[in-house]
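Colleague: Quick one, what's the 3D model for this:
(2 chains)
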Amino acid sequence: MDFSFTEEQSMLRDTVASYLADTYDFDKRRAAISKEPGWRPEVWKAFAEELGILGAPFSEELGGLGGGPIENMIVMEEFGKALVVEPYLPTVVIGGGFLKHSGHAGAADLIGEIIAGTATFAFAYAEPKGRYNLADLTTTAKKDGAGWVINGMKAVVVGAPFASHLIVTARTSGGQRDAQGISVFVVPKDAQGVSTRDYPTVDGNRASEVTFENVSVGADALLGPADNGLPLIEKVVDEAIAATCGEAIGVFRKLHEGTLDYTKQRKQFGAPISSFQVLQHRMVDMFIQLEQSISMTYMATIKLSDDAERSKAVSAAKVQIGKAAKFIGQNAIQLHGGMGMTDEMAIGHYFKRATLIESAFGNTDHHLGRYEFLSLGQAA
Amino acid sequence: MNLDFTPEENAFRDEVRAFIRDNYPAELRAAQDEHRALTKEEYLLWHRILAKKGWVAPSWPVEHGGTGWTPTQKYIWSEELANADALPVLPFGVSMLAPVVYTFGTEEQKQRFLPGIYNGDVWWCQGYSEPGAGSDLASLKTRAERITADDGKEYYIVNGQKTWTTLGQHADWGFFLVRTDPDAKPQSGISFLLIDMKTPGITVRPIITLEGGHEVNDVFLDNVKVPVENRIFHENQGWTCAKALLAHERSGIAGVARSKRNLEKLRTIAKTERSDAGGSLLGDAFFRRKVAELEIDLSALEFTELRTLAGESSGKGPGPESSILKIKGTEIQQRLQELALEAVGHYGAPFLRDLGDNFQAGPDYARGLAGEYFNGRKTSIYGGSNEIQRNIIAKMVLGL
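Modeller: Now for the predicted structure:
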C-alpha cells in the first residue's frame, strides 16, 4: 500500500501549476471566457507543445507520457485550482478513454492528434429527458450498408463549441432504457447533418445542444462493439468521474483557503471574524470534508483498474464529492458574507464550478442509488 | 500509489489470522456472546496470551517490546482482530501510559513500569478529569504538596477528586495529573504522578452510567502519600506528558476495523429484519440509504486514516490531523449503534437483566444494542470532546 506520488508525477504537478500561475490567473481567465470563442486555443497549444500534458495518460507507444488515471487526477486538480475551461476532460480523459479502450483501428492516429493538440472532443451522451441514466437513449443509429445513419438530439454537450469531434451514444436496437442495444460512435463535428446551438454555462464554460439529422457515418465510426457499448460507456464515464473528483479537490482547496484568508482579514466587533468559535468550527468541518474528499478521490482513482470494484468505488467517491461540493461551497459563500455574493470575487466562481461538479455525470442521489445497488443489492 | 498487499503482507495476514483462531480463549468468547460484564481475570486472558506471543504492544519501540511492524502490518493486525471479534487490549497501560514512560521516563522508571504493563501484571487507570475539569483539563485542582517525611525521603501529599476513571475498580495503579504549583499558569503547574491504588487514602466509588453498567468511577484522594520518584518527567511539566498522551489516545480512536466489522453485523441484522412492506429491511428505500451513506463515510475515514499512517511512516508523528480521525471515527461508531438499534425495532426495548431462568426476549442479535447505543454516546465526549477536537484543528492545522 502506497499513497505517495512518483518523482515524475510531482514534476507533472509542478509543471502544470507553474504554467497556470503565469497564464491563468483570475482576471486573465475572466477576460477569456467573457468573449468569443470562450476558451484560449493558444493555451491548448501550449498544453500540447510546451507542457506535453495532453499525452499524460497515454502509453509511450502512442506518443504519451506513459501515465494513467493518477496523472489525470493530478492535472485535473491543478485545473480545478485555476478553473481551467479548456477541454482536457472531454478530450483527453473521455475521447482518449473511448479510443484507448475500444480497440478501434484508427485509435492510435486520433490519440496522436489529441496529444498534438489538433483534435478536441466533446461527449454527446446526455439527452433532454434522459437525466443521468446512461442507457436512456432516444438518439438512434441505423445500419445503412456498411455504415450508420444517426438521428437525435443531445443535451448540454460540454465543450462542444471547442470540439473537432463528438463521441455520440446512440441506440442501435432495443427499447429506450435497455442496457443492450447501445453503441458508441465518433463523429466529426463538421459532418453533414450535425448542427449545434452553442451557449455559455453558469460556471464559465461553454456547451451546445447538438442535433443529428440523418448524419451518415462509415463503419469506422463505431467505437467498441455494436449493440453492447454500455460497459465501455460506463468504464469511460467512471474514469471521467474520478478525474472530475480530482478537479473538485482543486476547487475545494481554493474555496477553503479563500475562506480562511478572508475571515482572518475581515474584522467585525473589533476582531477578525476568524477568531469566532462558531466560524472556526464551520471551517474545520469544511476542512474535514476536504480531507475526506481527497481520500475518496485517491481511493476511486486507484481502483479504476479493478473492474470488480471500480463502479462502486467511483460512486462512493462521487457521493462524498457531491456532499462536500455543497457543504464547502455554500459555507464559503456564507462566511464571505456580502462579498461572497459579488461577481468580482473569485470565491463565487469556485462555488459555481463546485455546484456543477455535484451534478456532473450524476448527482449525489444518483450515485447513492448506484452505490446501494452495487453494495446492498436490489431494493426489495 | 497503489492499494496492493505484497505476498509477504498476505502471508502475515494468514499468520495472524491463524494465531487468533487457534489461541483466542473460548471462555472469553462465551462471556462476550452473553453480553455480560467481564471479570478482571477475563479481561486479562487475551492480553496475557498476546504478551506471551510478543504481540501485545505492536506500536512500542522494538527495544521495549514493540513488534517493529510496518503501518500496513498494523493495519492488517487491527483488521484481523476486529474480524475475529477479539477483545481489544485495554488501552490504559499499553497505549496511554507506556508511551509517556518510554518517552519521558528515566531508565529506572522504564525498567520498573514497562514490564508490568506489557505482561498485564499491573492494571492501570487514568486520573485526569475532575468534577470541575473536563474539556478544560488544565484547570484541574487535585493538589500535590511536596514534603520530606520522617524517613528522610521526599513525598507528594495528594488531595482531591478524579472522575470518569474507566475500570478503576480493577486498577492496581493509576497515572494522575496533579497540581504541584498552584500559583503558576494552569498548564505550567501540573505534574504527572504514578500512584499505587492500594495507598491509604484512596477511595474508588462506582458511577453507574445510563445504560446501567459500572464502567467508570470517582476516585477520591485524601492525604495520599506518593514517593517523589513516582513522578514522570520534571515537576510542573506534566502537561507535556499529558498532551503527548492525548495525541496517542486520539490516533487509535478511529476504530475503522471495528466499525467495518460492526457494519457487516448491521447488514446481517437488516437482512433478517422485515420492513413494514414485508421485504427485508435492507431492501427498504429509507433504511438502505442510511446504510449506504454510512458505508461511504466509513470508507472515507478508512482512506483518511491510511493517508495519515502513510504520512506517519514517512517520519511525521501523529499530528493534530488525528483529531479528524477522532471526530469522524466516533461519529461513525455512534451512527452504527444508532442504526443497529433502529433495525431491531421493538426488540430494542427489553432491558438486559438476568431474570434467573435464561429467558430472553427477541433475537440474539438484539441483545445489548440499546446498551451499546446509550453507552456509545461517551465516545464523542471522551478523549477531548469532538468540539475540543475542532478547536485543536482550528488552532493547530488551520492557524485560526
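
Colleague: show me the contacts for residue B:65.
Modeller: Residue B:65 is in contact with B:54, B:56, B:57, B:114, B:118, counting by Cβ atoms under 8 Å, 6 or more residues apart in numbering or on different chains. The C-beta positions use only the backbone N, C-alpha and C, and glycine is treated the same way.

Colleague: Can you tell me how far whichever residue of the stretch 101-250 of chain A sits closest to chain B is from residue A:239?
Modeller: Nearest to chain B, among the residues of the stretch 101-250 of chain A, is residue A:245, at 12.0 Å (Cβ to the nearest Cβ). For residue A:245, the distance to residue A:239 (Cβ to Cβ, to the nearest Å) stands at 11 Å.

Colleague: ok, the two, which is more surrounded?
Modeller: Set residue A:245 next to residue A:239 and count neighbours by other Cβ atoms under 10 Å in any protein chain shown: residue A:245 wins out with 30 against 27.

Colleague: Backbone dihedrals for residue A:124, please?
Modeller: Dihedral angles phi and psi of residue A:124 (degrees, to the nearest 10) take the values phi -90, psi 90.

Colleague: how about the nearest residue to it, chain neighbours excluded?
Modeller: Using Cβ to Cβ, 6 or more residues apart in numbering or on different chains and skipping residues adjacent in sequence, the residue nearest residue A:124 is residue A:154, 3.9 Å away.

Colleague: what helices or strands is the one helix or strand that neighbour maps to leaning on?
Modeller: Using DSSP states H and E, residue A:154 sits in strand A:147-158. Packing partners of strand A:147-158 (3 or more Cβ pairs under 8 Å, 6 or more residues apart in numbering or on different chains; DSSP states H and E): strand A:121-124, strand A:140-144, strand A:165-171, strand A:182-188, strand A:206-217.

Colleague: ranking those by burial, who's on top?
Modeller: With neighbours taken as mean count of other Cβ atoms under 10 Å in any protein chain shown, the helices and strands packed on strand A:147-158 reach their highest mean count in strand A:121-124, at a mean of 30.

Colleague: Please save the CA atoms from that one in CSV.
Modeller: The C-alpha coordinates for strand A:121-124 follow below in CSV (Å, rounded to 0.1, in the frame of the first residue of the first chain):
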residue,chain,number,x,y,z
PHE,A,121,-13.6,16.1,-28.3
ALA,A,122,-16.9,16.6,-26.6
PHE,A,123,-19.0,13.8,-25.2
ALA,A,124,-22.6,13.9,-26.6
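
Colleague: what about stretch A:152-163, start to end distance?
Modeller: End-to-end distance for stretch A:152-163: 19 Å, by Cα to Cα, to the nearest Å.

Colleague: one step back: tell me the phi and psi of the residue of the stretch 101-250 of chain A closest to chain B?
Modeller: phi -60, psi -40.

Colleague: can you list the residues of the stretch 151-300 of chain B near chain A?
Modeller: Contacts of the stretch 151-300 of chain B with chain A, taken as Cβ under 8 Å from any Cβ of the partner chain, map to B:267, B:275, B:277, B:279-280, B:282-285, B:288-289, B:291-293, B:295-297, B:299-300.

Colleague: okay but residue A:121 is in contact with residue A:160, surely?
Modeller: No: in this structure residue A:121 lies outside contact range of residue A:160 using Cβ atoms under 8 Å: 9.3 Å.

Colleague: Quickly list what's touching both of those two.
Modeller: Contacts common to residue A:121 and residue A:160, judged by Cβ under 8 Å, 6+ apart, are residue A:166.

Colleague: ok, back up a step: can the contacts of residue B:65 go into a markdown table with extra columns for pLDDT, secondary structure and neighbour count?
Modeller: Output for those, formatted as a markdown table (pLDDT from 0 to 100; DSSP: H, G, I helix; E, B strand; the rest coil; neighbours: other Cβ atoms under 10 Å in any protein chain shown):
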| residue | pLDDT | secondary structure | neighbour count |
| --- | --- | --- | --- |
| B:54 | 97 | coil | 12 |
| B:56 | 97 | coil | 23 |
| B:57 | 96 | coil | 22 |
| B:114 | 98 | helix | 21 |
| B:118 | 98 | helix | 22 |
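
Colleague: for the residues you listed, which one is nearest chain A?
Modeller: Closest approach between the contacts of residue B:65 and chain A, by Cβ to the nearest Cβ: residue B:57, at 22.6 Å.

Colleague: ok, now which ones touch the closest one?
Modeller: Residues near residue B:57 by Cβ under 8 Å, 6+ apart: B:64, B:65, B:66, B:67, B:89, B:94, B:95, B:98, B:117, B:118.

Colleague: how far away is it from residue B:244?
Modeller: 16 Å.

Colleague: what about the longest helix in chain B?
Modeller: In terms of residue count, the longest helix belonging to chain B (DSSP state H) is helix B:285-313.

Colleague: after it, next one along is what?
Modeller: Note on helix B:285-313: by DSSP H and E, the next helix or strand toward the C-terminus is helix B:322-343.

Colleague: now the angle between helix B:322-343 and the next helix or strand along the chain from that next one, please.
Modeller: Note on helix B:322-343: by DSSP H and E, the next helix or strand toward the C-terminus is helix B:369-376. Interaxial angle, helix B:369-376 versus helix B:322-343 (axes from the mean of the first three to the mean of the last three Cα atoms, to 10 degrees): 150 degrees.

Colleague: Averaged pLDDT, whichever helix or strand comes after helix B:369-376. What do you get?
Modeller: Heading C-terminal from helix B:369-376, the first helix or strand you meet, by DSSP H and E, is helix B:386-392. Helix B:386-392 comes out with an average pLDDT of 95.

Colleague: same check, this time on stretch A:97-112
Modeller: Averaged across stretch A:97-112, pLDDT comes to 97.

Colleague: So which bits of it are buried?
Modeller: Buried residues in stretch A:97-112, counted by 16 or more other Cβ atoms under 10 Å in any protein chain shown: A:97, A:98, A:99, A:100, A:101, A:102, A:104, A:107, A:110, A:111, A:112.

Colleague: Do you have the helices of chain A handy? List them.
Modeller: A:7-23, A:26-33, A:41-46, A:69-82, A:88, A:96-102, A:107-116, A:230-265, A:277-303, A:310-336, A:346-359, A:364-376.

Colleague: Any chance of CSV for these, columns distance to residue A:217?
Modeller: Output for these, formatted as CSV (distance: least, Cβ to Cβ, whole Å):
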stretch, distance to residue A:217
helix A:7-23, 35
helix A:26-33, 32
helix A:41-46, 26
helix A:69-82, 28
helix A:88, 26
helix A:96-102, 15
helix A:107-116, 14
helix A:230-265, 17
helix A:277-303, 33
helix A:310-336, 29
helix A:346-359, 30
helix A:364-376, 30
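
Colleague: nearest to residue B:366, of the ones you listed?
Modeller: Each of the helices of chain A has some distance to residue B:366 by Cβ to Cβ; the shortest is helix A:364-376, at 21.0 Å.

Colleague: and the angle for the closest one with helix A:346-359?
Modeller: Regarding helix A:364-376 and helix A:346-359, their directions subtend 40 degrees when assessed with the same axes, to 10 degrees.

Colleague: Show me which residues of helix A:364-376 are buried.
Modeller: A:364, A:366, A:367, A:368, A:369, A:370, A:371, A:372, A:373, A:374, A:375, A:376.

Colleague: Return only those of the residues you listed found close to chain B.
Modeller: A:368, A:371, A:372, A:375, A:376.

Colleague: Tell me which of the helices and strands packed on strand A:147-158 approaches residue B:176 most closely.
Modeller: strand A:121-124 (65.0 Å).

Colleague: just checking, what packs against the closest one?
Modeller: strand A:147-158, strand A:165-171.

Colleague: Those into TSV, with extra columns for distance to residue A:197?
Modeller: Conversion of those to TSV gives the following (distance: least, Cβ to Cβ, whole Å):
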stretch	distance to residue A:197
strand A:147-158	10
strand A:165-171	14
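
Colleague: Tell me which stretches of chain B form helices.
Modeller: B:7-23, B:26-33, B:40-53, B:71-83, B:91, B:98-104, B:107-119, B:238-251, B:256-272, B:285-313, B:322-343, B:369-376, B:386-392.

Colleague: Kind regards, and thank you for your time.
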